[in-house]
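1. I would like the atomic coordinates for the input below:
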Amino acid sequence: NVVPTQPLASLTVEDPDTGLGGAVTIQVSAVDQQLPNGSWVSIVPSESPFQFVAETVSLELVEALDREAVAKYRVTLNATDHGVPSSLYSLFVAQVDVLDANDNRPVSTSPTRFQVSEAAMPGILIAQLTATDADQGVNGELRFAFTSWTLTQQVPFSLSPDGALQTQGTLDAEKQIEYE
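-> Coordinates of the predicted model:
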C-alpha cells in the first residue's frame, strides 16, 4: 500500500533549447483505469487519484487505491516547452499496476448446517466447504481450520485445509445431538 502524497515515480525531463524554449511544464493530461471486467475507462485527470508535483518532478497519489475496484491505471503526462512562436510537447504514458493488499475477508459459499447419521463411520465426507476471497495471489489463498474454541471441545470431526469436513470418531446422538 502506498500512502497518499508518497511519490510513485520521479521523472527527468530535458530540453536542449535555451531560454523559454528550454523551460518545460509537465501535467497529467489523461488517466485511464482498467475495470474488473478488463475494459478501460477514461476519467477526468483532476478526479483521478494521481497528481504531478512540479517541485519534486514526481507523480504522486492523492488518495488510496483499491485493486479490487481498479487493478491498473494508465497515466498520460504531457511535457510542454515554452518555445516561441510555437511550443512543442511530448507525451509519456506510465502504467500503474495496483498490487494487492490482504484487505478482504473470505466469504463462505457453503451451507452452514449439516446432518450426518450417528451410524456414520470415521472418515465419511460430510461436506466439502468452499469460500471465495476477492484478494489476489497468496492473499486470496484459503485454508480451512477449526477455531481454537472448537478444538477444545473435542469434536468427532476433522477439517482438512482444502475444506473437507469428515467424521473422525464415533457419533452418539444420545450424548450430543448437535455440534457448533
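
2. where exactly do the helices run in this protein?
-> With DSSP state H as the criterion, the chain has helices at 148-152.

3. tell me where the model's unsure across it.
-> Low-confidence segments of the chain, defined by pLDDT under 70: 1-4, 149-153.

4. which stretches of it form strands?
-> Secondary structure of the chain, counting by DSSP state E: strands at 7-10, 24-34, 40-43, 50-53, 58-61, 72-81, 89-97, 107-108, 125-128, 131-132, 157-159, 164-167.

5. can you check which of the ones you listed gets nearest to residue 18?
-> Of all the strands of the chain, it is strand 72-81 that lies closest to residue 18, at 11.0 Å by C-beta to C-beta. For the C-beta atoms, the positions are set from N, CA and C on the backbone; glycine is no exception.

6. CA atoms of that closest one as PDB?
-> C-alpha atoms of strand 72-81 as PDB (Å, rounded to 0.1, in the frame of the first residue of the first chain):
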ATOM      1  CA  LYS A  72      -4.400  -0.800 -13.400                       C
ATOM      2  CA  TYR A  73      -4.100   2.800 -14.400                       C
ATOM      3  CA  ARG A  74      -2.600   4.500 -17.500                       C
ATOM      4  CA  VAL A  75      -1.500   8.000 -16.600                       C
ATOM      5  CA  THR A  76      -0.500  10.200 -19.600                       C
ATOM      6  CA  LEU A  77       1.800  13.100 -18.700                       C
ATOM      7  CA  ASN A  78       2.200  16.000 -21.200                       C
ATOM      8  CA  ALA A  79       5.600  17.800 -21.100                       C
ATOM      9  CA  THR A  80       5.300  21.100 -23.000                       C
ATOM     10  CA  ASP A  81       8.100  23.600 -23.600                       C
END
